[in-house]
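1. Here is a sequence together with a model predicted from it:
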Amino acid sequence: MKIFLETERLVLRQFTEADTELLFELDSDPEVTRYTKLGDRSGTPTTYDEIKNGFLPKVFRYYQQYQSYGFWAAIEKLSNKFIGWFHFRPGLDSYMGAALYQENDIELGYRLQRKVWGKGYATEGSKALIRKGFLEWEIQQVAASALLENKASIRVMEKVGLKFERNFVYSEYQQKGIKYSLSQDDFYLLEKPRVKKE
């Protein structure tokens, strides 16, 4: 399996079909998906079939289409166990699409097992993707969004340097959301003097 990047405590690798059960277990925790199923507060988990025949084929198409964007399984180095995933993809591919994201927005996101919450993994993985995006791929802007009630994800966005951009409403369900972003110019200002823009 192909490793995409490594941090001090994490390995992000490509998904394979063998990860179906791990993804099913991740999405079977209603607290993990609490803020991801817009309009659905029933706690109904994502089905095994939806993951195998819906989510994973979409992930594999990213690997075929892009070298730099997609979804990656997060592996904790200490235990060598799957703990969730991160994504870094064109914002226009998201659920909200052009209603929220601009053409140059690259959307950052993640989903982690509840047992690793509070360990800083979301921040660690997100920072690594942001740095890789700006330094290696010269992207123009990183963006992320969350439901306004999802305070933990909003804190992560702030910790990794993203700034408030706008409030919005998921119109289909009338749920309030918030968008944060970080431009290439602001990234280099934050990084000084660690890195100089060529």
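-> Yep, that arrived.
2. the helices in the protein, which residues?
-> 20-27, 48-50, 56-65, 121-136, 151-159, 184-191 (DSSP state H).
3. May I see those helices arranged in JSON lines, with mean pLDDT and mean neighbour count as well?
-> Bear in mind the C-beta positions are built from the backbone N, C-alpha and C, glycine included. JSON lines is the format used below for the helices of the chain (pLDDT from 0 to 100; neighbours: other Cβ atoms under 10 Å):
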{"stretch": "helix 20-27", "mean pLDDT": "96", "mean neighbour count": "18"}
{"stretch": "helix 48-50", "mean pLDDT": "94", "mean neighbour count": "13"}
{"stretch": "helix 56-65", "mean pLDDT": "96", "mean neighbour count": "14"}
{"stretch": "helix 121-136", "mean pLDDT": "97", "mean neighbour count": "20"}
{"stretch": "helix 151-159", "mean pLDDT": "97", "mean neighbour count": "17"}
{"stretch": "helix 184-191", "mean pLDDT": "92", "mean neighbour count": "15"}
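4. got CSV for those, with distance to I83 too?
-> Below are those laid out as CSV (distance: least, Cβ to Cβ, whole Å):
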stretch, distance to I83
helix 20-27, 9
helix 48-50, 20
helix 56-65, 17
helix 121-136, 7
helix 151-159, 15
helix 184-191, 26
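5. Minimum distance to K2: which of those helices has it?
-> helix 56-65 (8.2 Å; Cβ to Cβ).
6. what's that closest one packed up against?
-> Contact here means 3 or more Cβ pairs under 8 Å, 6 or more residues apart in numbering; DSSP states H and E; on that basis helix 56-65 packs against strand 70-76.
7. now for the helices of the chain, which one comes closest to T7?
-> helix 121-136 (4.8 Å).
8. quick one, the closest one and helix 151-159 angle?
-> Calculated by axes from the mean of the first three to the mean of the last three Cα atoms, to 10 degrees, helix 121-136 forms an angle of 30 degrees with helix 151-159.
9. what sits opposite the closest residue to T36 other than its chain neighbours in the beta ladder?
-> Of all residues not flanking T36 in the chain, R111 sits nearest, at 7.0 Å (Cβ to Cβ, 6 or more residues apart in numbering). In this structure, R111 bridges to W85 when assessed by DSSP bridges.
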